[in-house]
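**Q** curious how this folds, go ahead:
(2 chains)
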2 protein chains.
Amino acid sequence: MLPSKNKYLSNVSFDTVIFGFTGEELKILVLEYQNSGMFALPGGYIRRDKNLLDAVKEGVKRRTGLNKIHLEQFHTFGMLKRSDPEPTKIIARGLGYELEEDNWMLDRFITIGYYSLINYNQVKPKPNKYSDSINWYSINNLPPLMMDHEKIVEKALEVIRTDLLKKPIGINLLPEKFTMKELQKVHETILNKKLRRTTFQRKILNMDILKRHEKLFTGAANKAPYLYSFDKDKIENT
Amino acid sequence: MLPSKNKYLSNVSFDTVIFGFTGEELKILVLEYQNSGMFALPGGYIRRDKNLLDAVKEGVKRRTGLNKIHLEQFHTFGMLKRSDPEPTKIIARGLGYELEEDNWMLDRFITIGYYSLINYNQVKPKPNKYSDSINWYSINNLPPLMMDHEKIVEKALEVIRTDLLKKPIGINLLPEKFTMKELQKVHETILNKKLRRTTFQRKILNMDILKRHEKLFTGAANKAPYLYSFDKDKIENT
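**A** Sure thing, here's the model as predicted:
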């Protein structure tokens, strides 16, 4: 059954950019709607009877199988030209429905963007009944996304780049303990450029959000790097 | 005539927090709806036939008389409990209209928040036909605002505090040329705390967005402070 106008708000939807880090690459989750060839960010309509964030969390869970991930609102998109009834018609047709011209889903939608940074290795996204597949794609090699979804990804990247030295962005992209080199790799991948080791270390240590632990034993004891973790007490107090 | 459902999007609106700086205090614009005792941020519905930002600019102009101000989107508010049909009924009644229970304006609205920082001395806000008055109020002495408008102000303050050392926040709050002391006063007022002169100077000069000019002649030549302006070339390239 298609989503009903009584259950959801009109003219406003959400879309999510869910980032994972493989150790080498930054990837995002993209789903493909059944029999439509349409690739999209996980998104959907907003339930009338729920707080916005709760509705978004529930929608993400339904679309991706991912539960309890931290979602950060980053921008609301309202260009006139983002509204195009065609993709929605094609998706509905792929599911076996022909939408009437006055169907509420074909109206203009303003969409609220959320991003999430999650542990690539610890999650298993699952497609729901509307989608053929949900897969990780490298941000440098995305399939053609529907509507303005590529712009939404660009904006999310712009925001996490700006937030890198303000928020503990790596916290869900890395294992609990990590080396400075691994954290630098996260920053380099997000910024898409090499950083100088000394400058990076100074900046990140200045943020005062890391805790230093024992050295990582690698066999070559003299060069063993320290392990770090994010200091949750300090992060919560800022 | 009341706004019509055919002209505006359903379930989504905008609100603006327009800041001005008197040299001593941070103030925001608050309007009072006619015969209702309702104080509100300048806001409204979103025209179906316009890009979101254009619709917001037009709405701000209509509500406040202010033209061509820079508006920055900062957060979209969607708590379930923000929706309350009573204030809208009271406002309509003040204008001589009794709304039917199923009127679209009484439905739930998610609102998109924008802030603006403008030159307090160079603008003359004007009420429109729906409002009794539009006035500057100190952020420390606001009238009771309708719905969740106080939360919207708090969030805007939180965002400009975080943005202070990232963006040239002072650019529209100060005259074109200003002393370091005047800029420090802007930061202190926004942060609501005293800053150390040396630390402030180091941080702001590190941002590399200021241009130094001649000294301000005060009569006591030895202590004349330098004048600064924001370096628009550098700002546009970041």
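
**Q** domain parsing for chain A?
**A** A:5-164, A:177-236 (automatic domain parsing).

**Q** most packed of the ones you listed?
**A** Mean neighbours per residue, mean count of other C-beta atoms under 10 Å in any protein chain shown, is largest over the domains of chain A for domain A:5-164, with a mean of 18. For the C-beta atoms, the positions are set from N, CA and C on the backbone; glycine is no exception.

**Q** any residue of that one up close to chain B?
**A** Yes. Domain A:5-164 reaches chain B (C-beta under 8 Å from any C-beta of the partner chain) through A:9-12, A:46, A:48-53, A:55, A:73, A:75-80, A:108, A:110, A:112, A:162.

**Q** can you flag the weakest of the domains of chain A by average pLDDT?
**A** Comparing mean pLDDT over these, the weakest stretch is domain A:177-236, at a mean of 87.

**Q** got the CA positions of the stretch of helix or strand residue A:86 belongs to in PDB?
**A** Following DSSP states H and E, one finds residue A:86 within helix A:85-94. In PDB, the C-alpha atoms belonging to helix A:85-94 read as follows (Å, rounded to 0.1, in the frame of the first residue of the first chain):
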ATOM      1  CA  PRO A  85       6.800  14.500 -10.100                       C
ATOM      2  CA  GLU A  86       8.400  12.100 -12.700                       C
ATOM      3  CA  PRO A  87      10.800  10.200 -10.400                       C
ATOM      4  CA  THR A  88       8.000   9.500  -7.900                       C
ATOM      5  CA  LYS A  89       5.700   8.300 -10.700                       C
ATOM      6  CA  ILE A  90       8.500   6.000 -12.000                       C
ATOM      7  CA  ILE A  91       9.100   4.600  -8.500                       C
ATOM      8  CA  ALA A  92       5.400   4.000  -7.900                       C
ATOM      9  CA  ARG A  93       5.100   2.300 -11.300                       C
ATOM     10  CA  GLY A  94       8.000   0.000 -10.400                       C
END
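
**Q** elements contacting that helix?
**A** Helix A:85-94 sits against no helix or strand, with contacts defined as 3 or more C-beta pairs under 8 Å, 6 or more residues apart in numbering or on different chains; DSSP states H and E.

**Q** residues contacting residue A:114?
**A** A:14, A:15, A:16, A:17, A:56, A:71, A:72, A:73, A:74 (C-beta atoms under 8 Å, 6 or more residues apart in numbering or on different chains).

**Q** which strand residues bridge the first one?
**A** By that I understand residue A:14. Beta-bridge pairing of residue A:14 under DSSP bridges involves residue A:44, residue A:112.

**Q** residue A:58 is in contact with that one, correct?
**A** No. In this structure residue A:14 lies outside contact range of residue A:58 using C-beta atoms under 8 Å: 10.6 Å.

**Q** distance from the chain centre to the lengthiest helix in chain A, please.
**A** Among the elements of type helix in chain A, defined by DSSP state H, the one spanning the most residues is helix A:149-163. Distance of helix A:149-163 from the chain centroid (C-alpha atoms, centre = their mean, to the nearest Å) equals 10 Å.

**Q** what's the angle from it to helix B:149-163?
**A** Interaxial angle, helix A:149-163 versus helix B:149-163 (axes from the mean of the first three to the mean of the last three C-alpha atoms, to 10 degrees): 70 degrees.

**Q** list the contacts of helix A:149-163.
**A** A:15, A:17, A:19, A:28, A:39-41, A:74-75, A:77, A:111, A:113, A:115, A:117, A:139, A:142, A:145, A:169, A:190-191, B:166.
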